[in-house]
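A.B. asks: prediction below, plus the sequence it came from.
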Amino acid sequence: MLALQCVDASLGRTPVLHGIDLALRAGRWTSVVGPNGAGKSTLLRLMAGLLAPTAGSVRLDGRPLAQWPHRARARRLAWLAQGGAADPAADDLLAYDVAMLGRL
């Protein structure tokens with residue numbers, strides 16, 4: 001399970017998220033919906049370990065995400081940002097292929 005407990009996040013000096021509590025179970029689909037600038041991408045970056053919370057904790061299977069070795073975390077979590085690919089050849093990659101690239 002991926003869990004956020006009382007998480008706050010800031011981008012620079014600007015507070016973006018405050019007091020987020022969330023628990024995501026393996027094998028379940030979850031969507032994050034909101035208007036532009038609501039903090040959706042910031043929330044996902046927190047959950048992937050790409051951004052450290054300014055308060056609270058992010059835990060994977062009960063263990064703080066920051067304590068997971070990078071390789072072990074990469075086997076459990078992945079981040080694929082939305083947007084144009086830097087290389088047009090990447091258009092032919094399947095989602096599975098992209099996920100496996102992150103495990104190299």
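C.D. replies: Good, I have the coordinates.
A.B. asks: next, the residue nearest to the spatial centre of the chain: phi, psi?
C.D. replies: With distances taken as CA atoms, centre = their mean, the residue of the chain nearest its centroid is residue 48 (2.7 Å). Main-chain torsions, residue 48, degrees, to the nearest 10: phi -90, psi -10.
A.B. asks: from residue 92, how far off is the closest residue to residue 79 other than its chain neighbours?
C.D. replies: Using CB to CB, 6 or more residues apart in numbering and skipping residues adjacent in sequence, the residue nearest residue 79 is residue 48, 4.0 Å away. Placement of C-beta: from N, CA and C, glycine included. Distance of residue 48 to residue 92, computed by CB to CB, to the nearest Å: 25 Å.
A.B. asks: contacts for stretch 42-49, please.
C.D. replies: 2, 4, 7, 9, 11, 16-17, 20, 24, 32, 51-53, 58, 65-66, 68, 73, 77-79 (CB atoms under 8 Å, 6 or more residues apart in numbering).
A.B. asks: pull out the buried members of those residues.
C.D. replies: Burial by neighbour count, judged by 16 or more other CB atoms under 10 Å, picks out 2, 4, 7, 9, 16-17, 20, 51, 53, 58, 65, 68, 73, 77 from those.
A.B. asks: save those residues as TSV, and put in pLDDT, distance to residue 96 and secondary structure too.
C.D. replies: Rendered in TSV, the data for these read as follows (pLDDT from 0 to 100; distance: CB to CB, whole Å; DSSP: H, G, I helix; E, B strand; the rest coil):
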residue	pLDDT	distance to residue 96	secondary structure
2	95	21	strand
4	97	27	strand
7	98	30	strand
9	97	30	strand
16	94	32	strand
17	96	31	strand
20	97	30	strand
51	94	26	coil
53	97	30	coil
58	97	26	strand
65	93	24	helix
68	94	22	coil
73	90	19	helix
77	85	16	coil
